[in-house]
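J.: Give me a 3D structure for the following:
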Amino acid sequence: MIVGGTTMAVAFGAPLGAFVGSTLGWRGAYFMVAGFGVPAALALWIMLPAGLRGAPLSLRRRIEAIGLPGVPSALLTTWLSMTGVFVVIIYPAAITTKSVGLPASPVPAVLLTFGIGAAIGNFIGGQLADRFGPNRTIPGTIILMALLLIAISEVALLLPATLAGPVFFVVVFLWGVAGWGFMPPQSSHLLSLSPASAPLVLSLNASALYLGIAAGSLIGGLVLQFGTVNDLGWVGALFPGVALVLFALRAQMGKRRPAFGRLG
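T.: Reported below is the predicted structural model:
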């Protein structure tokens, strides 16, 4: 549910916020959020059952979940992958106008294109994980993520201006598919690591996702401060690249573990 909610926010909230912000200013965007928040709060107050309580968990139990076998490296994979995504997607105006050379008016359309790709990728990622398993689906989405991030940096450099804009939109769409196609198989993978602690590990995965958003935003800002807008894509691609190496090492260690057990 957390992943689905984040997908909907990316698919529709981000472009709507960008459109409102560009037409009414940043205050208008905040008023829009407040306008949506009030009826949402009322709907929750009316529709949720009275006396609904979650199972109480101690802070120690929550921290212990981080140390479950395989969970730390899986959370690091989520963090690295999402950091790479948000190095770029948090600065769509700079990429669209300064790198690709389009005017500022298509920026909401760029976000909407990414969001539609994310919504489709969320569905496709779940289907592929069910059919082929998360261990095959995860590396495929990470590889595509890294390649498409590099493509975002190279579109304006390799293509003439007449082609750069349309190709950029195609790349952004496919990047959204790959980026959010990663999350369903990653969630399935975490569930397989610790089915008994499913709510805890999934909440930790959501935390890793949001930490990736924060880290990607910071790193993207540093790239713009010390480099150029064309550096955002390849810098972002470094993070899923490291995530892929980490995933491969973890998979290799998982293959060796049964062999050691038989020797003992």
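J.: ok, and the closest non-adjacent residue to residue 197?
T.: residue 65 (5.3 Å; CB to CB, 6 or more residues apart in numbering). Backbone N, C-alpha and C define where each C-beta goes, glycine included.
J.: Pretty sure that neighbour sits against residue 201.
T.: Yes - shown here, residue 65 and residue 201 form a contact pair, counting by CB atoms under 8 Å, at 6.0 Å.
J.: of these two, who's got more company?
T.: residue 201 (24 against 18; other CB atoms under 10 Å).
J.: ok, that one to residue 187 distance?
T.: 9 Å (CB to CB, to the nearest Å).
J.: so where do the helices sit in the stretch 151-264 of the chain?
T.: With DSSP state H, counting those that start in this stretch as the criterion, the stretch 151-264 of the chain has helices at 161-181, 183-193, 198-226, 231-263.
J.: nearest to residue 112, of those?
T.: helix 161-181 (9.7 Å; CB to CB).
J.: how about the closest one: buried residues?
T.: Within helix 161-181, the residues scored as buried using 16 or more other CB atoms under 10 Å are 164-165, 168-169, 171-181.
J.: Out of these, the closest to residue 193 would be?
T.: Nearest member of the buried residues of helix 161-181 to residue 193, counting by CB to CB, is residue 181, at 20.0 Å.
J.: quick one: low-confidence ranges for this structure?
T.: In the predicted model of the chain, residues 1-15, 18, 22, 52-58, 254-264 satisfy pLDDT under 70.
J.: tell me which element the spatially most central residue of it is part of?
T.: With distances taken as CA atoms, centre = their mean, residue 82 lies nearest the centre of the chain, 4.3 Å away. Using DSSP states H and E, residue 82 maps to helix 71-89.
J.: next one: residue 49
T.: Applying DSSP H and E, one finds residue 49 in no helix or strand.
J.: Neighbours of it, how many?
T.: Residue 49 has 5 nearby residues by other CB under 10 Å.
J.: Distance of it relative to residue 184?
T.: According to CB to CB, residue 49 and residue 184 sit 28 Å apart.
J.: show me what contacts the closest residue in space to residue 204 that isn't next to it in sequence?
T.: In space, and not counting its chain neighbours, residue 204 is closest to residue 75: 5.8 Å by CB to CB, 6+ apart. Neighbouring residues of residue 75 by CB atoms under 8 Å, 6 or more residues apart in numbering: 66, 204-205, 208.
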